[in-house]
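Asks: Kindly generate the corresponding structure for this input.
(chains A, B, C and D)
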There are 2 protein chains.
Amino acid sequence: MNRPAPDLLKPRKTPLQARSTVTVEAIHTATIQVLLADGVGRLTTTRVAERAGVSVGTMYQYYPHKQALLFAIVERQLDLIVTAMLAAVEQLKGRDLRSVAEGLATAWLDAKMADVVSSRAIYGIAAEFDLAELMDRAKVALVEAISSLLKAVPDARLADTNSAAFMLTALLGGSVRVVMEAVTEEEDFERLRRELPRACFGYLRLVSNEPAERARNADQ
Amino acid sequence: MNRPAPDLLKPRKTPLQARSTVTVEAIHTATIQVLLADGVGRLTTTRVAERAGVSVGTMYQYYPHKQALLFAIVERQLDLIVTAMLAAVEQLKGRDLRSVAEGLATAWLDAKMADVVSSRAIYGIAAEFDLAELMDRAKVALVEAISSLLKAVPDARLADTNSAAFMLTALLGGSVRVVMEAVTEEEDFERLRRELPRACFGYLRLVSNEPAERARNADQ
DNA sequence: TCCAAAACTGAAGGATCATTCATATCTTAG
DNA sequence: CTAAGATATGAATGATCCTTCAGTTTTGGA
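Replies: Purely as a prediction, here's the structure:
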C-alpha cells in the first residue's frame, strides 16, 4: 500500500507543562471518538481539534502530520496489547497445555475487550497507510515469546513451535478482529469468549499429539 | 462508522453494447490496481479512470458515486467467496469430521488465494464505509450452511452447531485476513495453508468430544 | 511583579478531489 | 447510408481539507 517516510512520522515535541499534557491527551481521545463516529474517511484535523476543544494549530505543535497522529495512536494501542500478552506468557510458563492455550486466548480477549472502543476504532486506521512494519514488529515479538512458551509446556512436545505460535497469533488476532468489526450483537461476543479458548486448546492438542513427521495423506 | 444511504448505492445503468462492457470491466480492475498501489486514501476517481484508460465522466455513467463503485466491487468479491463456500459445504455433506474441517479450511483458502490481489485490496475498503450489512448477510448465510453441515457429520455429535459454525467462520475469515494483510513472506502463506486445516479440525474434534453440558471449571 | 519560554489561536494559502454537463464520437437497426 | 441512441470526453465548479504562521495568551521561575 502506501509508503510514508518512516522517519518523519514521530511526534514533533513533547509536552512540558501540565497544560499541554492535558491537551495532547484530549487530542488523543478526540481522535478515537471521531474515528468511531465518522470513520477514517471523515477524520479531519479540524474535526479532531474541534472535538478536543483546541485549535487546529495546537495539534500541529505536537504532530507534524495527520499521519503522525494516527501513527502515534496505533503505536500506543499496539504496545498495550503486546505488553499484556508478554505478561501473560510470563504467567503461563511451565503450566500444562490446556492452561497455556486458554490463558493466551483469554489474555488476548481481555486486552482487546478492555477498550473495545479504541480497538474497534484502530482497526479502521490500519488500511489507511502503511502500518505493516509496525504490526510486523509486534507480531515477531509475540510469536517468538509464544514459541518459547510452547517449548516449555510439560505435558506436550510440539514438533514445530514456531508454526504453532504463528498460527496461534493468526487465530487470536484474526477471529477477534473479525468479530469486533462486525455489527455484532452482544451474543457474538459471548460466543467468542467461550469458543476461542477452546479453539486454541483444540489446535494445540492436535498439533502436539501428532508424530513429528507428516504421516497423513488426507482423505481429500 | 459511516452510514451511507443504502439505496443510492446501486450501479447507474447496465452496459448494453460490447464496448461499454469492456469499459466497465476495465474500471473494475483499474480500481483494484489503484487500491493496491496507492491504498484507499489515494483512490481517486481520476486516478482510477486514468488507469482504466477512460475519462472520469465515463465512470459516472455507470456508477453514481465513488462509493457505488467500491460497493459493487466488494459485493462481487463477497459473492465469489460465499458461492465457493456453499459449494464446498454441498460437497462435504455426510463426510467425517476431519474431512469436513479440512475441506472447509482449504475451500476458504482456495477462494481467497485464488485472487490474492483482489482480496487484499478489498480488505482496505471495508473500513472506509459501512459494509457491515453486506458482510453480515454473507456471514449469516455461511454460518447457517455450515451449521447444518455439522449436524450431519456421522462420526461426531456437536452440542451447539451454531456456535461451532460461528467460531469456524471467525477463525477462517480472521486468520486468513490477518496473514494476507501483513507484509508476509511466502513462507507464512505455506504455514497458513498447512496449519489452518489442522486448527479447524482440532477445534471441531475438541468440541465434539465434550459432553453436552459444561463440565469443566477451568484451572485458571 | 515581570519576562522569556511555552502554548494556543484561527484565518488564509494552496492543493486535491468528487461530480457535472455541454459536446463529440461511435454503434447499429432499418 | 443515416439517424437515433449509446458511449465517451474533460474542462470547469464547488467543496473539503491539510498545513502554516503571525500574533495572542498563559505559565512558572527569578
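Asks: Quick check: the gap between A:Leu69 and chain B.
Replies: Distance of A:Leu69 to chain B, given as CB to the nearest CB, to the nearest Å: 14 Å. In this view, the C-beta of every residue, glycine as well, is placed from N, C-alpha and C.
Asks: ok, and the closest non-adjacent residue to that residue?
Replies: A:Tyr63 (4.4 Å; CB to CB, 6 or more residues apart in numbering or on different chains).
Asks: how about the nearest residue to A:Thr29 once chain neighbours are set aside, phi and psi?
Replies: Spatial nearest neighbour of A:Thr29, chain neighbours left out: A:Ala52 (7.7 Å); criterion: CB to CB, 6+ apart. Dihedral pair for A:Ala52: phi -80, psi -10, per degrees, to the nearest 10.
Asks: Surely A:Ala52 and A:Val34 touch.
Replies: No: if you go by CB atoms under 8 Å, A:Ala52 and A:Val34 don't touch, sitting 9.1 Å apart.
Asks: Most proximal residue of chain A with respect to chain B?
Replies: Scanning chain A for the residue nearest chain B gives A:Gly174, at 2.5 Å (criterion: CB to the nearest CB).
Asks: Enumerate every residue touching A:Ile146.
Replies: Residues in contact with A:Ile146, defined by CB atoms under 8 Å, 6 or more residues apart in numbering or on different chains, are A:Met85, A:Val89, A:Leu104, A:Ala165, A:Leu168, A:Thr169.
Asks: what about the first one, how many residues close to it?
Replies: One way to gauge burial is a neighbour count; for A:Met85, by other CB atoms under 10 Å in any protein chain shown, it gives 21.
Asks: Give the buried residues for the helix ranked longest in chain A.
Replies: If you go by DSSP state H, chain A has its longest helix at helix A:66-92. By 16 or more other CB atoms under 10 Å in any protein chain shown, the buried positions in helix A:66-92 come out as A:66-74, A:77-78, A:80-82, A:84-85, A:88-89, A:92.
Asks: I figured the residue nearest to A:Leu69 hits A:Arg12, correct?
Replies: Yes: contact criterion CB under 8 Å: A:Tyr63 and A:Arg12 qualify, at 6.0 Å.
Asks: Those two: who's more crowded?
Replies: Neighbours were counted for A:Tyr63 and for A:Arg12 using other CB under 10 Å; A:Tyr63 has more, 22 against 13.
Asks: Can you tell me the SS state at A:Lys10?
Replies: coil (DSSP: H, G, I helix; E, B strand; the rest coil).
Asks: Which residue is the nearest non-sequential neighbour of it?
Replies: Once flanking residues are discounted, A:Lys10 sits nearest to A:Ala68: 6.7 Å by CB to CB, 6+ apart.
Asks: One more: A:Val153?
Replies: Using CB to CB, 6+ apart, the closest residue to A:Val153 is A:Leu97 (5.2 Å).
Asks: Report the closest residue of chain A relative to DNA strand C.
Replies: A:Gly57 (1.8 Å; CB to the nearest atom of the strand).
Asks: mind saving the C-alpha coords of the host helix or strand of that residue as CSV?
Replies: Element membership for A:Gly57 (DSSP states H and E) is helix A:56-62. Output of helix A:56-62 as CSV, limited to C-alpha atoms (Å, rounded to 0.1, in the frame of the first residue of the first chain):
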residue,chain,number,x,y,z
VAL,A,56,-6.0,23.1,14.7
GLY,A,57,-2.7,24.8,15.1
THR,A,58,-2.3,23.3,18.6
MET,A,59,-2.4,19.8,17.1
TYR,A,60,0.3,20.7,14.7
GLN,A,61,2.5,21.7,17.6
TYR,A,62,2.7,18.1,18.7
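Asks: Pull out the buried positions in that helix.
Replies: A:Thr58, A:Met59, A:Tyr60, A:Gln61, A:Tyr62.
Asks: Quick one: residues in contact with the helix or strand bottoming out on mean pLDDT in chain A.
Replies: Least confident helix or strand of chain A, by mean pLDDT, DSSP states H and E, is helix A:116-126 with a mean of 85. Applying CB under 8 Å, 6+ apart, the contact partners of helix A:116-126 are A:32, A:35-36, A:39-40, A:70, A:73-74, A:77, A:112-113, A:131, A:135, A:177, A:180-181, B:1, B:127, B:181.
Asks: wait, isn't the residue nearest to A:Val153 in contact with A:Asp155?
Replies: Yes: with contact defined as CB under 8 Å, A:Leu97 counts as touching A:Asp155 (5.5 Å).
Asks: In terms of neighbours, single out the busier of those two.
Replies: A:Leu97 (19 against 12).
Asks: List the residues that contact the more buried one.
Replies: A:Val153, A:Asp155, A:Ala156, A:Phe201, A:Leu204, A:Arg205, A:Ser208.
Asks: Among these, which one sits closest to B:Ala26?
Replies: Closest approach between those and B:Ala26, by CB to CB: A:Leu204, at 48.0 Å.
Asks: That closest one: what's it in contact with?
Replies: A:Leu97, A:Val100, A:Ala101, A:Leu150, A:Ala156, A:Leu158, A:Ala164, A:Leu168, B:Gly202.
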